[in-house]
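> below are the sequence and a predicted model; questions follow.
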Amino acid sequence: MANETFTSEVTSITGYEVSAKVRDFDVTLDEPVTSAGTNKGMNPIEALLTALGSCQVMTAKGFAKAKGINLNNIRVNVDGVIDLDGFLGKNPDAKIGFSKLISTFYIDADNTDEEIQNFVDFINATCPVHDTIENTPEFETKIAVFE
């Protein structure tokens with residue numbers, strides 16, 4: 001199967017505000033005022049939580065019928081536990097990123113508890129964002145001349 005490359009271009013605007021361009025969409029990310037930002041958008045770690053929950057919901061909706069799930073409605077809340085002292089350099093032993101991610105599925109479906117549990121297991125095994133976080137991809141960093 002052929003690989004496909006997805007691209008996001010992120011450009012600094014002012015302060016911590018950035019513009020992210022993907023396909024035909026522009027998204028603003030920023031930090032809250034309490035973190036010296038201007039609160040014009042979610043911050044990157046909030047965007048990661050949002051990406052995970054969105055992917056889980058979309059995966060559920062895309063596969064429900066094929067999996068025999070009579071899905072009426074779904075919501076996923078994603079919580080991330082992070083020790084900011086690691087990022088801020090206050091504790092060199094603290095993990096810099098999330099140490100735990102908790103997805104809470106709210107599913108309204110005409111199915112048994114066992115069928116719903118099996119479906120949630122399938123969602124987590126099939127969701128590309130979940131897989132990317134759980135199975136770290138190879139990273140490559142390049143430096144180029146600013147255009």
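Sure, I can see it.
> CA atoms for contacts and neighbours, from now on please.
Noted.
> strands of this structure, start to end?
Per DSSP state E, the chain carries strands over the ranges 9-14, 17-22, 25-29, 71-82, 98-109.
> save these as JSON lines, and put in mean neighbour count and distance to residue 128 too.
Below are the strands of the chain laid out as JSON lines (neighbours: other CA atoms under 10 Å; distance: least, CA to CA, whole Å):
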{"stretch": "strand 9-14", "mean neighbour count": "12", "distance to residue 128": "20"}
{"stretch": "strand 17-22", "mean neighbour count": "17", "distance to residue 128": "17"}
{"stretch": "strand 25-29", "mean neighbour count": "15", "distance to residue 128": "20"}
{"stretch": "strand 71-82", "mean neighbour count": "15", "distance to residue 128": "16"}
{"stretch": "strand 98-109", "mean neighbour count": "13", "distance to residue 128": "15"}
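> please name whichever of these is nearest to residue 35.
strand 17-22 (11.7 Å; CA to CA).
> adjacent strands (with direction) for that closest one?
Strand 17-22 pairs in its sheet with strand 9-14 (antiparallel), strand 25-29 (antiparallel), by DSSP bridges.
> turn the strands of the chain into JSON lines, columns for distance to residue 3 and mean pLDDT.
Output for these, formatted as JSON lines (distance: least, CA to CA, whole Å; pLDDT from 0 to 100):
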{"stretch": "strand 9-14", "distance to residue 3": "20", "mean pLDDT": "97"}
{"stretch": "strand 17-22", "distance to residue 3": "18", "mean pLDDT": "97"}
{"stretch": "strand 25-29", "distance to residue 3": "23", "mean pLDDT": "97"}
{"stretch": "strand 71-82", "distance to residue 3": "29", "mean pLDDT": "98"}
{"stretch": "strand 98-109", "distance to residue 3": "28", "mean pLDDT": "98"}
